[in-house]
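Enquirer: return atomic coordinates for the entry below.
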Amino acid sequence: MNQTVASGPANITVDEFVRRFQLFVNVPTFILGLVFNAFALWSLCFRFRRSNVSVIYMMNLIMADILLLFSLPFKIYAYQTPEWSLGPAFCMFLECLYYVNTYASILMTVLICLDRYISIKHPFLARSFRSPRKTAAACATVWIGVWSCSACIYFIKTAKPVCFFNHNPSFWKSPVVLILQSLFVLSALVMVFCSVQIVRALRRISGAKEGCRDNSKSVNIVLSNLSTFLVCFTPYHLAMLLYFLARNSLIPAKYLTTLRNALQICLCLANINCVLDAIYYYFVFKEFRKSHKHSPTDR
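Expert: I've put the predicted structure just below:
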């Protein structure tokens, strides 16, 4: 069963392999992600009870993961049933929730990496630049920005027979896809640059101070962040770009179905970000337990 991906009316089915793959990946992602993020949220609220820069960023990242996970069972339902029966308004809300929190997670991760970079490479600037109030304002700007952009995209689209299927054809002919691609590429470049600089600085500090082993944990946090970001989001944006090119006849039309299926598979891999973030939580909680006072490298 193949989904028709031409610009006209679309079939509401996908390949059987894609549907099974979505079940195989999304169900464990939902269960594990919900458990890990709920535990992380509980830990921050009841065990550490802090309101500094690191905790504010972490709380916002956890909330982005949880809100995305909330939409995931409905996405599973939409792809496993022949017709969507929960109403177009609720469908629109779920789609906004899903894609908003994908990009909220991307931008929160970038902000965290930037914050760590400034703390280590420019400690004097960090004293005046980093504060809970400014951090909360930065996070609020991200939320307002992604929700506003999502509203502009989804509230103007035509009605669809099935939720999470077939964006308005004008979506694939608009600059929206190119903007999303540019946002990801810029975010990836910032992540790579900041992460490399942070790791070099931490290793330099460790080499200059004999017996300094704590920096290895900070290095693990930075590398796990970067790895999670690239592994989860790069395939999705590459598949989106290729599908966009096919929809606009820059790639032969015979590859449309294949690229559509690849895009759905890569979306599943992007969802795993909610689980892999737990690696970050693990390292940060270990740092929290080590000291009641955050070092400049805490995130």
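Enquirer: name the element Leu250 belongs to?
Expert: Using DSSP states H and E, Leu250 maps to neither a helix nor a strand.
Enquirer: please disregard the earlier target; I meant Glu95.
Expert: Counting by DSSP H and E, Glu95 is part of helix 88-121.
Enquirer: contacts for stretch 59-66, please.
Expert: 33-34, 37-38, 40-41, 44, 101, 104-105, 108-109, 112, 139, 142-143, 273-274, 277 (C-beta atoms under 8 Å, 6 or more residues apart in numbering). The C-beta positions use only the backbone N, C-alpha and C, and glycine is treated the same way.
Enquirer: and those residues, which of them are buried?
Expert: Buried members of the contacts of stretch 59-66, scored by 16 or more other C-beta atoms under 10 Å, are 33-34, 37, 40-41, 44, 101, 104-105, 108-109, 112, 139, 142-143, 273-274, 277.
Enquirer: orientation of whichever strand or helix holds Arg133 relative to helix 88-121 in degrees?
Expert: Per DSSP H and E: Arg133 is located in helix 132-154. Orientation check (axes from the mean of the first three to the mean of the last three C-alpha atoms, to 10 degrees): helix 132-154 against helix 88-121 gives 140 degrees.
Enquirer: I'd like the distance from helix 132-154 to the chain centre, please.
Expert: The chain centre lies 14 Å from the centre of helix 132-154; the measure is C-alpha atoms, centre = their mean, to the nearest Å.
Enquirer: could you export stretch 226-235 as CSV, CA atoms only?
Expert: Taking Å, rounded to 0.1, in the frame of the first residue of the first chain, the C-alpha atoms of stretch 226-235 are listed here in CSV:
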residue,chain,number,x,y,z
LEU,A,226,26.0,17.1,20.2
SER,A,227,25.6,13.4,19.2
THR,A,228,21.9,13.4,20.1
PHE,A,229,21.3,16.5,18.1
LEU,A,230,23.0,15.3,15.0
VAL,A,231,21.8,11.7,15.1
CYS,A,232,18.2,12.7,15.6
PHE,A,233,17.7,15.7,13.5
THR,A,234,20.1,15.5,10.6
PRO,A,235,18.4,12.5,8.8
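Enquirer: neighbouring contacts of that stretch?
Expert: Against stretch 226-235 from outside (C-beta under 8 Å, 6+ apart): 106, 109, 113, 184, 187-188, 191-192, 195, 266, 269-270, 272-273, 276-277, 279-280.
Enquirer: and it, average pLDDT?
Expert: For stretch 226-235, the mean per-residue pLDDT is 93.
Enquirer: can you list the buried residues in it?
Expert: So, applying 16+ other C-beta under 10 Å, buried residues of stretch 226-235: 226, 228-229, 232-235.
Enquirer: list just the nearest of the residues you listed to Leu69.
Expert: Cys232 (14.1 Å; C-beta to C-beta).
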